[in-house]
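# coordinates for the following, if possible.
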Amino acid sequence: MNSSFARTCSGILIVIVGLSFMLGSPAPSHAQALGWEGETGVFVTPLAYTASGENQKIHAVTAYHFLDAGSVIGVFHEASIEVGIGKRFELGYTHEFHSFGDDMNPQTTSGLSPLWQNGFEIFNGKFQALPENYGKKKWVPAIATGFIARTNVRNVGNFMVESNPSGMTGKTNGDIYIVASKVVPAKPAALVLNAGVRGTNAELWGMGGDAPDWQARAFGAVALAFTGPDKSSIILASEAAQQPHHPYYFDGSTSAPALNIPTTLTYAVRFVPSPKHKLNFDFGIAQIAGRVYSSGTTIIDLKARHQAAVQVSYGF
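All right, here's what the predicted structure looks like:
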């Protein structure tokens, strides 16, 4: 069994154990879903909705996230807590844990795994400026603005510029975004549309370190929501999120090669077992980055083109 498959199985086993515990909760409420960095979202992109709860001024949602980013980049685990305040605000914190990949030998073709160091901290906030169907107009989408701030990021170019890697303090980066979301009722499945733009100086949400400067990057998602057995919900979704083209330090401004990072694509399914439980279970495949540099006989392949990820969100 290869190590990537073993890591994926281990992560799924952890989620199954967590699900077994969470499904025992009888508390009724609408299901909540947190995205990769803790904000209410699809899989890696935010929605214009917030972590609010019916008849609750303060509503907390927790989540666990797992991504096997492959033999070069390694494995990421995240633990999130998000708090909805009223109907229009949310604030949250996520800690990202990272396990090294297998490509540690600098004598191999890449030897890049040491560029991904220990995890980092993520803080987020969101304000819904316009609720969906405002003014009783069914065509009006929900519109929200938000931020994501990451600290102690030590990955990729951030690692390279440190003179003493054992004492790295890390760098900061962040996103500021505006997003619009709309549910279009239809049969047999409701259509969910989501689009936005973010200003960011992060590469791959900090997993690729910093970007050379702030850039405007678009993102979007489309989903179909079906009603399943016993009033469960099954949501099929796909997302696209533009990334800064080059990571910091690997942008052609140094002797290091300029790595070309493509748009991130995801394909995901979300399962909500029952409207009586505040639980979501997500499984997805992410297309992150494969061959990012090729010149003559020199090829750098991050081997992260079809990566498995799972997420569980639970509201209190």
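# could you pull out the helices in the stretch 1-150 of the chain for me?
Ranges of helices in the stretch 1-150 of the chain, per DSSP state H, counting those that start in this stretch, are 3-22, 70-73.
# any idea of the pLDDT on the residue nearest to Ser113 when sequence neighbours are not counted?
Counting by C-beta to C-beta, 6 or more residues apart in numbering, Ser113 lies nearest to Gly101, which is 3.8 Å off, once chain neighbours are set aside. In this view, the C-beta of every residue, glycine as well, is placed from N, C-alpha and C. pLDDT, Gly101: 87.
# again with Leu13
On pLDDT, Leu13 comes in at 40.
# circling back: for the helices of the stretch 1-150 of the chain, which has the smallest mean pLDDT value?
If you rank the helices of the stretch 1-150 of the chain by mean pLDDT, helix 3-22 sits at the bottom with a mean of 40.
# now name the helix or strand holding Phe219.
Using DSSP states H and E, Phe219 sits in strand 210-227.
# that strand pairs with which strands, parallel or anti?
Partners of strand 210-227 in the sheet, by DSSP bridges, are strand 189-202 (antiparallel), strand 233-241 (antiparallel).
# by mean pLDDT, flag the weakest helix or strand of this structure.
helix 3-22 (a mean of 40; mean pLDDT, DSSP states H and E).
# on that earlier part again, and the strands paired with strand 210-227 as a markdown table, adding distance to Thr227 and mean pLDDT?
Below are the strands paired with strand 210-227 laid out as a markdown table (distance: least, C-beta to C-beta, whole Å; pLDDT from 0 to 100):
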| stretch | distance to Thr227 | mean pLDDT |
| --- | --- | --- |
| strand 189-202 | 8 | 96 |
| strand 233-241 | 6 | 95 |
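# and the ones you listed as CSV, adding mean neighbour count?
What follows is the strands paired with strand 210-227, written out as CSV (neighbours: other C-beta atoms under 10 Å):
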stretch, mean neighbour count
strand 189-202, 19
strand 233-241, 19
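# and the residue nearest the centre of the chain, what does it touch?
Centrality entry for the chain: nearest residue to the mean C-alpha point is Trp36, 2.6 Å, by C-alpha atoms, centre = their mean. By C-beta atoms under 8 Å, 6 or more residues apart in numbering, the residues touching Trp36 are Phe43, Val44, His65, Leu67, Glu78, Trp205, Ala309, Gln311.
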